[in-house]
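In: just a sequence and a predicted model for now, questions to come.
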Amino acid sequence: MQGIHQPKREEVLKLPRVHISSHPVMEHKMTALRDKTTQPPDFYRLVKEIGALLAYEATASLTLQECDIETPLKPMRGRRLAGGIGITPILRAGLGLAEGFREVISDAQIWHLGLRRDERTLQAQEYYNQLPHQVNLQVCYAVDPMLATGGSAIDAVNILKRRGIDRISYVGIIAAPYGLLKLSQTHPDIDIYVAALDEELNELGYIVPGLGDAGDRQFGTL
Ligand SMILES: O=P(O)(O)OC[C@H]1O[C@H](OP(=O)(O)OP(=O)(O)O)[C@H](O)[C@@H]1O
Ligand SMILES: O=c1cc[nH]c(=O)[nH]1
Ligand SMILES: [Mg+2]
């Protein structure tokens, strides 16, 4: 990232459709997640727990539809989520986050998408795609812990849009100002939810202070 201008945190804080969590429980879990002494089993559990908290925040604006049910005592009018909910984990690191999401929306469809960032060029490459052709979703959440240069997130949203998904949200754990600005400018029609906004990218494209490599730390491949 040498020689590339990176915006400051303050410059991206007020972007429209960007939501940065401010919940104290989230911050508590984030501190444990970032700690370099946290080992893969705990790291994976924390990613899942943070995924569930993010799911709760990201689903707050979902649309409901009325339906008739009967309680053991009497008929009543209830409300259910309208249409299907999709979750697209961006492999590998998005897997733990998707598990957390599923604890909140257990009947969501899971659409796996494999993107690998080339460590030299920092360009994302697609290597796996299990997106179905039948599309009937209210919203699809693309989930990936790290929004660094934004390349992987932008490609994932492009792929979902080409599949005909109208409403897409990106959900991540940590964003760098650079990637957040790129994603928001390239796809101004999506909502972006993250647990934290960090300072910058280092010369290798890692988020600082960040948490290191989210995939390796979840799956013990350090
Ligand atoms: O914003 P970007 O610069 O594109 O970087 C972020 C991407 O890099 C990481 O994945 P990685 O390529 O390391 O794959 P992994 O999940 O298999 O570890 C991360 O999970 C994102 O997908
Ligand atoms: O800091 C970073 C950047 C990309 N991918 C990661 O896992 N961590
Ligand atoms: Mg990785």
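Out: The structure has been received and is ready for your questions. Ligands and ions are numbered 1, 2, ... in the order given.
In: does stretch 136-143 come close to ligand 2?
Out: No. Applying C-beta under 6 Å from any ligand atom, one finds stretch 136-143 separated from ligand 2 by no less than 13.6 Å. (C-beta placed from N, C-alpha, C; glycine too.)
In: repeat for stretch 44-56
Out: No. Using C-beta under 6 Å from any ligand atom, stretch 44-56 never reaches ligand 2; the gap is at least 11.3 Å.
In: how far is that stretch from where the chain is centred?
Out: Its chain's average C-alpha position is 10 Å from that of stretch 44-56, according to C-alpha atoms, centre = their mean, to the nearest Å.
In: CA atoms only: put it into PDB for me.
Out: Extracted in PDB, the C-alpha atoms of stretch 44-56 (Å, rounded to 0.1, in the frame of the first residue of the first chain):
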ATOM      1  CA  TYR A  44     -13.400 -19.200  16.200                       C
ATOM      2  CA  ARG A  45     -15.900 -19.100  19.000                       C
ATOM      3  CA  LEU A  46     -15.500 -15.300  19.300                       C
ATOM      4  CA  VAL A  47     -16.000 -14.800  15.500                       C
ATOM      5  CA  LYS A  48     -19.200 -16.800  15.800                       C
ATOM      6  CA  GLU A  49     -20.400 -14.700  18.800                       C
ATOM      7  CA  ILE A  50     -19.500 -11.500  17.100                       C
ATOM      8  CA  GLY A  51     -21.300 -12.800  14.000                       C
ATOM      9  CA  ALA A  52     -24.500 -13.300  16.000                       C
ATOM     10  CA  LEU A  53     -24.300  -9.700  17.500                       C
ATOM     11  CA  LEU A  54     -23.700  -8.300  14.000                       C
ATOM     12  CA  ALA A  55     -26.600 -10.300  12.600                       C
ATOM     13  CA  TYR A  56     -28.900  -8.800  15.300                       C
END
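In: now it: buried residues?
Out: Buried residues in stretch 44-56, defined by neighbour count with 16 or more other C-beta atoms under 10 Å: 44-56.
In: which residues touch that stretch?
Out: 21, 23, 25-26, 29-30, 32-33, 38, 96-101, 103-105, 141, 143, 145, 171, 173, 193-195, 214, 218-219 (C-beta atoms under 8 Å, 6 or more residues apart in numbering).
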